[in-house]
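In: Following is a predicted model, sequence given first.
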Amino acid sequence: MAENINDYIQKLIMKQEEIELIHKTETQRMNKIIDEKTKNLESAMKELLEREKMASLGELVSGVAHEINTPLGVAVSASSLMEVNNESFKKELMQGNISKSGLIEYIESIDETTSILNSNLYRASELVKSFKEVAVNQSIEEKSKFNLKEYIDSILLSLKHEYKNKNIDFEIDFPADLVIDSYSGAISQIFTNLIMNSLVHGFRDRKSGKITISALKNDEKLIINYKDNGLGMSKDVQKHVFEPFYTTNRGEGGSGLGMNIVYNLVTAKLNGKISCISEIGIGTEFVIEIKL
(Lines give C-alpha, C1' and ligand atoms only; values in the text may rest on other atoms or scores of the structure.)
Protein backbone atom coordinates (compact mmCIF):
# COMPACT_ATOMS: atom_id res chain seq x y z
CA MET A 1 0.00 0.00 0.00
CA ALA A 2 2.84 2.36 0.90
CA GLU A 3 4.53 1.59 -2.39
CA ASN A 4 1.36 2.47 -4.28
CA ILE A 5 1.18 5.79 -2.45
CA ASN A 6 4.84 6.49 -3.17
CA ASP A 7 4.32 5.64 -6.83
CA TYR A 8 1.32 7.96 -6.92
CA ILE A 9 3.31 10.78 -5.31
CA GLN A 10 6.18 10.22 -7.77
CA LYS A 11 3.74 10.44 -10.67
CA LEU A 12 2.29 13.64 -9.22
CA ILE A 13 5.78 15.11 -8.83
CA MET A 14 6.58 14.25 -12.44
CA LYS A 15 3.27 15.79 -13.52
CA GLN A 16 4.05 18.84 -11.41
CA GLU A 17 7.42 19.24 -13.13
CA GLU A 18 5.70 18.93 -16.50
CA ILE A 19 3.11 21.53 -15.50
CA GLU A 20 5.84 23.86 -14.20
CA LEU A 21 7.65 23.57 -17.52
CA ILE A 22 4.41 24.36 -19.39
CA HIS A 23 3.75 27.29 -17.05
CA LYS A 24 7.30 28.62 -17.48
CA THR A 25 7.12 28.31 -21.27
CA GLU A 26 3.67 29.90 -21.41
CA THR A 27 4.72 32.74 -19.11
CA GLN A 28 7.79 33.44 -21.23
CA ARG A 29 5.66 33.43 -24.38
CA MET A 30 3.10 35.79 -22.84
CA ASN A 31 5.80 38.13 -21.55
CA LYS A 32 7.38 38.20 -25.01
CA ILE A 33 4.02 39.04 -26.59
CA ILE A 34 3.39 41.80 -24.03
CA ASP A 35 6.87 43.23 -24.64
CA GLU A 36 6.34 43.18 -28.42
CA LYS A 37 2.95 44.89 -28.16
CA THR A 38 4.33 47.48 -25.77
CA LYS A 39 7.22 48.21 -28.13
CA ASN A 40 4.76 48.54 -31.04
CA LEU A 41 2.65 50.96 -29.04
CA GLU A 42 5.68 52.99 -27.98
CA SER A 43 6.86 53.08 -31.59
CA ALA A 44 3.47 54.25 -32.82
CA MET A 45 3.27 56.90 -30.11
CA LYS A 46 6.76 58.13 -30.97
CA GLU A 47 5.78 58.51 -34.62
CA LEU A 48 2.72 60.51 -33.59
CA LEU A 49 4.55 62.81 -31.22
CA GLU A 50 7.02 63.65 -33.97
CA ARG A 51 4.13 65.03 -35.99
CA GLU A 52 2.70 67.67 -33.68
CA LYS A 53 0.86 69.30 -36.55
CA MET A 54 -1.71 66.53 -36.13
CA ALA A 55 -3.07 68.04 -32.91
CA SER A 56 -6.11 65.77 -32.78
CA LEU A 57 -3.88 62.72 -32.51
CA GLY A 58 -2.84 63.67 -29.00
CA GLU A 59 -6.25 62.68 -27.68
CA LEU A 60 -6.18 59.53 -29.80
CA VAL A 61 -2.89 58.47 -28.20
CA SER A 62 -4.14 58.87 -24.63
CA GLY A 63 -7.49 57.27 -25.41
CA VAL A 64 -6.06 54.20 -27.11
CA ALA A 65 -3.35 53.84 -24.46
CA HIS A 66 -6.12 53.81 -21.85
CA GLU A 67 -8.04 51.18 -23.83
CA ILE A 68 -4.96 48.97 -24.17
CA ASN A 69 -4.25 49.24 -20.45
CA THR A 70 -7.43 47.29 -19.65
CA PRO A 71 -6.70 43.99 -21.48
CA LEU A 72 -3.01 44.15 -20.56
CA GLY A 73 -3.96 44.68 -16.91
CA VAL A 74 -6.25 41.64 -17.03
CA ALA A 75 -3.47 39.59 -18.65
CA VAL A 76 -0.95 40.59 -15.98
CA SER A 77 -3.45 39.76 -13.21
CA ALA A 78 -4.19 36.38 -14.77
CA SER A 79 -0.48 35.61 -15.05
CA SER A 80 0.05 36.57 -11.40
CA LEU A 81 -2.87 34.39 -10.32
CA MET A 82 -1.41 31.47 -12.27
CA GLU A 83 1.88 31.93 -10.42
CA VAL A 84 0.16 32.00 -7.03
CA ASN A 85 -1.89 28.88 -7.84
CA ASN A 86 1.24 27.14 -9.05
CA GLU A 87 3.08 27.82 -5.78
CA SER A 88 0.08 26.65 -3.75
CA PHE A 89 -0.21 23.48 -5.81
CA LYS A 90 3.51 22.78 -5.45
CA LYS A 91 3.28 23.13 -1.68
CA GLU A 92 0.32 20.78 -1.44
CA LEU A 93 2.06 18.32 -3.72
CA MET A 94 5.23 18.20 -1.64
CA GLN A 95 3.09 17.52 1.44
CA GLY A 96 1.35 14.66 -0.35
CA ASN A 97 -2.08 16.28 -0.05
CA ILE A 98 -3.00 16.29 -3.74
CA SER A 99 -5.71 13.96 -4.97
CA LYS A 100 -6.57 13.08 -8.55
CA SER A 101 -9.51 15.48 -8.47
CA GLY A 102 -7.23 18.21 -7.12
CA LEU A 103 -4.79 17.65 -9.98
CA ILE A 104 -7.61 17.83 -12.52
CA GLU A 105 -8.92 21.03 -10.92
CA TYR A 106 -5.44 22.57 -11.11
CA ILE A 107 -5.01 21.66 -14.77
CA GLU A 108 -8.45 23.13 -15.55
CA SER A 109 -7.45 26.38 -13.82
CA ILE A 110 -4.33 26.52 -16.02
CA ASP A 111 -6.49 26.09 -19.12
CA GLU A 112 -8.88 28.82 -17.99
CA THR A 113 -6.09 31.26 -17.14
CA THR A 114 -4.35 30.60 -20.46
CA SER A 115 -7.60 31.30 -22.28
CA ILE A 116 -7.97 34.62 -20.42
CA LEU A 117 -4.38 35.55 -21.28
CA ASN A 118 -4.80 34.74 -24.96
CA SER A 119 -8.12 36.58 -25.40
CA ASN A 120 -6.91 39.76 -23.67
CA LEU A 121 -3.55 39.82 -25.42
CA TYR A 122 -5.35 39.37 -28.75
CA ARG A 123 -7.61 42.30 -27.88
CA ALA A 124 -4.59 44.45 -27.02
CA SER A 125 -2.93 43.36 -30.25
CA GLU A 126 -5.95 44.42 -32.32
CA LEU A 127 -6.06 47.81 -30.58
CA VAL A 128 -2.37 48.41 -31.28
CA LYS A 129 -2.85 47.36 -34.90
CA SER A 130 -5.80 49.71 -35.51
CA PHE A 131 -4.14 52.55 -33.61
CA LYS A 132 -0.91 52.28 -35.56
CA GLU A 133 -2.66 51.96 -38.92
CA VAL A 134 -4.93 54.97 -38.42
CA ALA A 135 -2.36 57.16 -36.66
CA VAL A 136 0.45 56.57 -39.13
CA ASN A 137 -1.83 56.93 -42.15
CA GLN A 138 -2.98 60.34 -40.96
CA SER A 139 0.46 61.66 -41.79
CA ILE A 140 0.77 59.94 -45.17
CA GLU A 141 0.43 62.29 -48.16
CA GLU A 142 0.79 59.68 -50.90
CA LYS A 143 -1.98 57.71 -52.56
CA SER A 144 -2.36 54.04 -51.79
CA LYS A 145 -4.81 51.22 -52.44
CA PHE A 146 -6.81 49.99 -49.46
CA ASN A 147 -10.04 48.23 -48.59
CA LEU A 148 -12.41 50.98 -47.47
CA LYS A 149 -14.58 48.88 -45.15
CA GLU A 150 -11.60 47.39 -43.34
CA TYR A 151 -10.08 50.83 -42.98
CA ILE A 152 -13.28 52.34 -41.55
CA ASP A 153 -13.47 49.46 -39.08
CA SER A 154 -9.95 50.35 -37.93
CA ILE A 155 -10.95 53.99 -37.47
CA LEU A 156 -13.98 53.00 -35.39
CA LEU A 157 -11.83 50.76 -33.19
CA SER A 158 -9.25 53.49 -32.67
CA LEU A 159 -12.02 55.90 -31.57
CA LYS A 160 -13.72 53.42 -29.27
CA HIS A 161 -12.61 55.32 -26.16
CA GLU A 162 -14.68 58.28 -27.37
CA TYR A 163 -18.01 56.44 -27.63
CA LYS A 164 -17.66 53.41 -25.33
CA ASN A 165 -19.70 55.12 -22.60
CA LYS A 166 -22.49 55.95 -25.03
CA ASN A 167 -24.77 53.37 -26.59
CA ILE A 168 -23.83 54.21 -30.18
CA ASP A 169 -24.88 51.78 -32.88
CA PHE A 170 -22.74 51.87 -36.04
CA GLU A 171 -24.19 50.53 -39.27
CA ILE A 172 -21.53 50.20 -41.97
CA ASP A 173 -22.91 49.43 -45.43
CA PHE A 174 -19.88 49.01 -47.69
CA PRO A 175 -19.20 46.38 -50.33
CA ALA A 176 -16.72 43.98 -48.75
CA ASP A 177 -14.48 44.16 -51.81
CA LEU A 178 -14.51 47.94 -52.22
CA VAL A 179 -10.86 48.87 -52.78
CA ILE A 180 -9.98 52.46 -53.64
CA ASP A 181 -6.80 54.24 -54.67
CA SER A 182 -6.81 57.43 -52.61
CA TYR A 183 -5.28 59.31 -49.68
CA SER A 184 -5.88 57.11 -46.63
CA GLY A 185 -4.72 59.85 -44.25
CA ALA A 186 -7.33 62.27 -45.56
CA ILE A 187 -10.05 59.60 -45.36
CA SER A 188 -9.06 58.92 -41.75
CA GLN A 189 -9.24 62.59 -40.76
CA ILE A 190 -12.57 63.07 -42.53
CA PHE A 191 -14.29 60.19 -40.74
CA THR A 192 -12.64 60.99 -37.41
CA ASN A 193 -14.01 64.54 -37.55
CA LEU A 194 -17.45 63.42 -38.74
CA ILE A 195 -17.75 60.88 -35.93
CA MET A 196 -16.50 63.34 -33.31
CA ASN A 197 -18.94 65.95 -34.63
CA SER A 198 -21.80 63.50 -34.09
CA LEU A 199 -20.60 62.54 -30.60
CA VAL A 200 -19.99 66.11 -29.41
CA HIS A 201 -22.90 67.88 -31.11
CA GLY A 202 -25.41 65.37 -32.45
CA PHE A 203 -25.55 63.16 -29.36
CA ARG A 204 -24.89 65.83 -26.78
CA ASP A 205 -26.76 64.99 -23.56
CA ARG A 206 -27.93 61.74 -25.16
CA LYS A 207 -27.01 58.26 -23.98
CA SER A 208 -27.63 56.50 -27.27
CA GLY A 209 -27.67 57.08 -30.99
CA LYS A 210 -27.08 55.57 -34.40
CA ILE A 211 -24.51 56.39 -37.08
CA THR A 212 -24.94 54.96 -40.57
CA ILE A 213 -22.12 55.04 -43.11
CA SER A 214 -22.59 53.75 -46.64
CA ALA A 215 -20.49 53.95 -49.79
CA LEU A 216 -20.98 53.24 -53.47
CA LYS A 217 -18.45 53.31 -56.26
CA ASN A 218 -19.95 54.77 -59.43
CA ASP A 219 -17.69 54.91 -62.48
CA GLU A 220 -14.78 57.09 -61.34
CA LYS A 221 -16.60 58.48 -58.31
CA LEU A 222 -16.97 57.34 -54.75
CA ILE A 223 -20.21 58.46 -53.10
CA ILE A 224 -20.26 58.30 -49.30
CA ASN A 225 -23.30 58.91 -47.11
CA TYR A 226 -22.68 59.65 -43.44
CA LYS A 227 -25.78 60.00 -41.27
CA ASP A 228 -26.59 60.25 -37.57
CA ASN A 229 -29.96 60.42 -35.80
CA GLY A 230 -28.83 63.10 -33.38
CA LEU A 231 -30.16 66.53 -32.44
CA GLY A 232 -29.86 67.92 -35.95
CA MET A 233 -29.08 71.49 -37.02
CA SER A 234 -31.13 74.55 -37.80
CA LYS A 235 -31.06 76.05 -41.31
CA ASP A 236 -28.87 78.89 -40.06
CA VAL A 237 -26.29 76.54 -38.57
CA GLN A 238 -26.24 74.51 -41.79
CA LYS A 239 -25.30 77.64 -43.75
CA HIS A 240 -22.15 78.10 -41.64
CA VAL A 241 -21.27 74.48 -40.80
CA PHE A 242 -18.17 74.40 -43.06
CA GLU A 243 -16.90 77.86 -42.15
CA PRO A 244 -13.65 78.04 -40.14
CA PHE A 245 -14.00 78.82 -36.41
CA TYR A 246 -17.78 78.53 -36.54
CA THR A 247 -19.05 76.39 -33.66
CA THR A 248 -22.11 76.04 -31.47
CA ASN A 249 -19.92 74.62 -28.72
CA ARG A 250 -17.59 77.59 -28.12
CA GLY A 251 -18.17 77.74 -24.37
CA GLU A 252 -17.22 74.08 -23.97
CA GLY A 253 -13.94 74.10 -25.86
CA GLY A 254 -15.12 73.78 -29.44
CA SER A 255 -12.67 75.27 -31.98
CA GLY A 256 -14.96 75.35 -35.00
CA LEU A 257 -12.30 73.79 -37.21
CA GLY A 258 -13.47 70.18 -37.41
CA MET A 259 -15.98 70.50 -40.24
CA ASN A 260 -13.82 73.08 -42.03
CA ILE A 261 -11.00 70.54 -42.07
CA VAL A 262 -13.41 67.98 -43.53
CA TYR A 263 -14.52 70.45 -46.22
CA ASN A 264 -10.95 71.32 -47.22
CA LEU A 265 -9.86 67.69 -47.34
CA VAL A 266 -12.82 66.68 -49.49
CA THR A 267 -12.68 69.61 -51.91
CA ALA A 268 -8.92 70.29 -52.14
CA LYS A 269 -7.16 67.06 -51.22
CA LEU A 270 -9.64 64.61 -52.74
CA ASN A 271 -10.97 66.84 -55.51
CA GLY A 272 -14.56 66.21 -54.45
CA LYS A 273 -17.55 67.92 -52.91
CA ILE A 274 -19.58 67.64 -49.72
CA SER A 275 -23.11 68.71 -48.80
CA CYS A 276 -25.05 68.77 -45.54
CA ILE A 277 -28.69 67.90 -44.93
CA SER A 278 -30.08 68.28 -41.43
CA GLU A 279 -33.31 68.68 -39.53
CA ILE A 280 -33.85 69.52 -35.87
CA GLY A 281 -34.74 66.42 -33.87
CA ILE A 282 -34.19 64.10 -36.84
CA GLY A 283 -30.45 64.09 -37.42
CA THR A 284 -27.74 65.15 -39.84
CA GLU A 285 -26.50 63.68 -43.11
CA PHE A 286 -23.34 64.45 -45.06
CA VAL A 287 -23.03 63.38 -48.69
CA ILE A 288 -19.47 63.19 -50.03
CA GLU A 289 -18.51 62.69 -53.66
CA ILE A 290 -14.86 61.92 -54.38
CA LYS A 291 -13.21 61.60 -57.77
CA LEU A 292 -11.02 58.53 -57.91
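Out: Cool, got the structure.
In: could you measure L194 against M259, distance?
Out: Noted for L194: a distance of 8 Å to M259, by C-beta to C-beta, to the nearest Å. For every residue, glycine as well, the C-beta is placed using N, CA and C.
In: Kindly report the same for M196.
Out: Look at M196 and M259: by C-beta to C-beta, they are 10 Å apart.
In: same thing with K235?
Out: In terms of C-beta to C-beta, K235 sits 16 Å off from M259.
In: The two: which is more packed in?
Out: For K235 versus M259, the count of surrounding residues by other C-beta atoms under 10 Å is larger for M259: 22 against 9.
In: Would you map the strands across this protein?
Out: Here the chain has its strands, by DSSP state E, at 144-147, 167-173, 179-182, 208-218, 221-228, 273-279, 283-291.
In: Of all these, which one comes closest to E105?
Out: Ranking those by proximity to E105 (C-beta to C-beta) places strand 167-173 first, at 39.5 Å.
In: what bits of this protein have low per-residue confidence?
Out: 1-6, 8-9, 12, 41-42, 44-67, 70, 126-127, 129-141, 244-257 (pLDDT under 70).
In: domain parsing for it?
Out: What automatic domain parsing lists as the domains of the chain is 2-137, 144-291.
In: winner for burial among these?
Out: Most buried of the domains of the chain by mean neighbour count (mean count of other C-beta atoms under 10 Å) is domain 144-291; its value is a mean of 17.
In: related to what we said a few turns ago, I'd like the strands of the chain written out as a markdown table, with distance to N97 added.
Out: Below are those laid out as a markdown table (distance: least, C-beta to C-beta, whole Å):
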| stretch | distance to N97 |
| --- | --- |
| strand 144-147 | 57 |
| strand 167-173 | 50 |
| strand 179-182 | 62 |
| strand 208-218 | 54 |
| strand 221-228 | 62 |
| strand 273-279 | 71 |
| strand 283-291 | 66 |
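In: Out of these, flag the one nearest S99.
Out: With C-beta to C-beta as the yardstick, what comes closest out of those is strand 167-173 (48.5 Å).
In: most centrally placed residue in this structure?
Out: Residue closest to the average C-alpha location in the chain (C-alpha atoms, centre = their mean): L157, at 3.2 Å.
In: Could you measure from that one over to Q238?
Out: 31 Å.
In: and if you look at A186?
Out: Distance, A186 to Q238, by C-beta to C-beta: 23 Å.
In: ok, now N120?
Out: Distance of N120 to Q238, computed by C-beta to C-beta: 45 Å.
In: same deal with I68?
Out: Here the criterion is C-beta to C-beta. By it, I68 lies 38 Å from Q238.
In: Same question for E162.
Out: E162 sits 24 Å away from Q238, going by C-beta to C-beta.
In: try E142
Out: 34 Å.
In: same deal with I223?
Out: Look at I223 and Q238: by C-beta to C-beta, they are 20 Å apart.
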